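Novice: got a structure for you, letters missing:
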Ligand SMILES: [Zn+2]
């Protein structure tokens with residue numbers, strides 16, 4: 001008997017999780033990519049200002065590479081930034097692209113690697129599987145423990161005032177993801193908390209994903225939740241705790257590998273309009289709706305939530321429903337201890353905004369389709385009302 005439905009699983013080819021690895025980037029690159037001579041480091045102005053990019057840049061130069069830094073990436077990068085970055089890569093005659101930053105920098109790095117050596121225009125690669133041909137070698141180095149973008153095959157581009165397009169293609173999986181907690185030491189506690197909760201949501205939603213749940217994603221999601229729940233508050237309370245920081249990076253990456261193959265669902269679907277309309281950061285948007293979506297899903301997903309409760313709150317006992325509720329309470333507890341906002345009102349959302357939020361959430365059909373329980377527009381509005 002085979003209890004597992006057919007599934008496919010993809011991820012990046014190489015992972016290095018090593019404290020101080022960014023300072024040895026040159027060695028890692030020459031070992032894996034002996035032909036690489038001209039590297040483009042892709043980051044944002046905020047990370048550039050920390051000075052932390054100097055260490056990997058110096059390591060690359062010491063290993064004999066020419067290094068150019070493109071540092072104009074902004075959150076929710078618009079098309080114009082992507083095109084400017086591609087032009088910079090061509091001008092530098094880049095032969096290896098290295099994303100170093102949060103999800104936006106890594107997303108732009110993916111698109112540069114695909115477009116710099118191609119004659120496909122950006123507009124032609126939106127959607128699923130539309131990238132043609134090979135790309136430049138691609139290395140991803142996250143500086144937050146949250147998005148998991150270093151191991152996903154998707155990049156998001158802002159195409160209008162609030163409209164976004166996604167590029168999903170196997171070429172977007174990097175050749176190498178490198179995790180070094182020394183790059184995350186400057187993250188303030190509230191950012192550490194919100195991004196860490198986002199990673200926990202990736203694990204929870206992958207584990208309950210309706211259509212593509214699979215044994216590999218399950219293993220990754222469980223291990224991710226264990227690492228993230230044991231280290232998130234530690235990393236918030238002492239931002240210099242390198243062991244906690246490295247565990248967070250590893251947890252966020254494992255969750256990324258899980259949800260890249262078993263996609264996220266209603267928490268993300270309801271979080272996107274909060275970010276899109278009210279410019280609330282992604283991790284916080286997720287955290288605001290998380291407990292209310294989990295309670296809504298419980299009639300269908302309590303069994304799976306109870307399994308995850310064993311990891312996050314091992315002391316939980318009682319019925320399946322009681323243990324599922326213990327998971328919800330544990331996630332709320334993390335938000336309370338970390339001090340991040342907990343209601344929609346705290347981020348400036350009013351009752352009169354709920355209809356617009358619910359309408360926008362219903363447009364996230366791809367994500368809602370992965371949810372363990374069907375979400376109607378009335379359900380979405382009720383979840384927002386509970387989160388108000
Ligand atoms: Zn997310």
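Specialist: Now that the structure is in, tell me what you want to look at. From a predicted model like this one, the values you see are computed outputs, not experimental measurements.

Novice: Can you pull out the low-pLDDT segments for the chain?
Specialist: 1-4 (pLDDT under 70).

Novice: quick check: longest helix of it.
Specialist: In terms of residue count, the longest helix belonging to the chain (DSSP state H) is helix 282-312.

Novice: And it, what's buried?
Specialist: By neighbour count, and taking 16 or more other CB atoms under 10 Å as the criterion, the buried residues in helix 282-312 are 282-294, 296-298, 301-302, 304-312. Placement of C-beta: from N, CA and C, glycine included.

Novice: mind checking the SS state of residue 140?
Specialist: At residue 140, secondary structure determined by DSSP: H, G, I helix; E, B strand; the rest coil is strand.

Novice: scratch that, residue 145
Specialist: Using three-state DSSP, the secondary structure recorded for residue 145 is coil.

Novice: roughly how far apart are the closest residue to it other than its chain neighbours and residue 242?
Specialist: When the adjacent residues along the chain are set aside, residue 145 lies closest to residue 248, with 3.7 Å between them (CB to CB, 6 or more residues apart in numbering). For residue 248, the distance to residue 242 (CB to CB, to the nearest Å) stands at 10 Å.

Novice: Which residues are in contact with each of the two?
Specialist: Residues within reach of residue 248 and of residue 242 at once, by CB atoms under 8 Å, 6 or more residues apart in numbering, are residue 181.

Novice: which one of those two has more residues nearby?
Specialist: Remark: of residue 248 and residue 242, residue 248 carries more neighbours, 30 against 17, as counted by other CB atoms under 10 Å.

Novice: on that earlier part again, where's the residue nearest to residue 145, which helix or strand?
Specialist: Following DSSP states H and E, the helix or strand that holds residue 248 is helix 242-261.

Novice: which other helices and strands contact the next helix or strand after that helix?
Specialist: Scanning the chain past helix 242-261 towards its C-terminal end, the next helix or strand to appear is helix 266-278 (assignment: DSSP H and E). Helix 266-278 sits against helix 189-207, helix 282-312, helix 354-361, helix 365-368, helix 377-387, with contacts defined as 3 or more CB pairs under 8 Å, 6 or more residues apart in numbering; DSSP states H and E.

Novice: what angle sits between helix 266-278 and helix 189-207?
Specialist: Helix 266-278 and helix 189-207 meet at an angle of 140 degrees, taking axes from the mean of the first three to the mean of the last three CA atoms, to 10 degrees as the criterion.

Novice: Helix 266-278: which residues count as buried?
Specialist: By neighbour count, and taking 16+ other CB under 10 Å as the criterion, the buried residues in helix 266-278 are 266-276.

Novice: Output the residues you listed in JSON lines; the columns should cover distance to residue 35.
Specialist: Conversion of the buried residues of helix 266-278 to JSON lines gives the following (distance: CB to CB, whole Å):
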{"residue": "266", "distance to residue 35": "45"}
{"residue": "267", "distance to residue 35": "43"}
{"residue": "268", "distance to residue 35": "39"}
{"residue": "269", "distance to residue 35": "43"}
{"residue": "270", "distance to residue 35": "46"}
{"residue": "271", "distance to residue 35": "42"}
{"residue": "272", "distance to residue 35": "40"}
{"residue": "273", "distance to residue 35": "45"}
{"residue": "274", "distance to residue 35": "45"}
{"residue": "275", "distance to residue 35": "40"}
{"residue": "276", "distance to residue 35": "41"}
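
Novice: Nearest to residue 345 among the helices and strands packed on helix 266-278 would be which one?
Specialist: Counting by CB to CB, residue 345 lies closest to helix 377-387 out of the helices and strands packed on helix 266-278; the figure is 9.3 Å.

Novice: List of residues touching the closest one?
Specialist: Surrounding helix 377-387, the residues in contact under the criterion CB under 8 Å, 6+ apart are 266, 270, 288-289, 292-293, 295-296, 343-344, 351, 354-355, 357-359, 361-362, 375.

Novice: Report the buried residues of that helix.
Specialist: Going by neighbour count (16+ other CB under 10 Å), the buried part of helix 377-387 is 379-384, 387.

Novice: ok, now stretch 45-63?
Specialist: Neighbour counts over stretch 45-63 (16+ other CB under 10 Å) mark 46-48, 52-53, 55-57, 59-60, 63 as buried.

Novice: Which residue ranges of the stretch 1-150 of the chain form helices?
Specialist: Chain-ordered helices for the stretch 1-150 of the chain, with DSSP state H, counting those that start in this stretch as the definition, fall at 25-32, 45-50, 54-62, 79-91, 103-115.

Novice: any chance of those helices in a markdown table, plus distance to residue 187?
Specialist: Shown next, in a markdown table, are these (distance: least, CB to CB, whole Å):
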| stretch | distance to residue 187 |
| --- | --- |
| helix 25-32 | 20 |
| helix 45-50 | 10 |
| helix 54-62 | 17 |
| helix 79-91 | 23 |
| helix 103-115 | 14 |
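
Novice: Figure out which of those is closest to residue 72.
Specialist: Of all the helices of the stretch 1-150 of the chain, helix 79-91 sits nearest to residue 72, with 6.1 Å by CB to CB.

Novice: for that closest one, packing partners?
Specialist: In terms of contacts (3+ CB pairs under 8 Å, 6+ apart), helix 79-91 is packed against strand 38-42, strand 66-70, helix 103-115, strand 154-158.

Novice: That helix: how far from the chain's middle?
Specialist: In terms of CA atoms, centre = their mean, to the nearest Å, the centre of helix 79-91 is found 23 Å from the chain centre.
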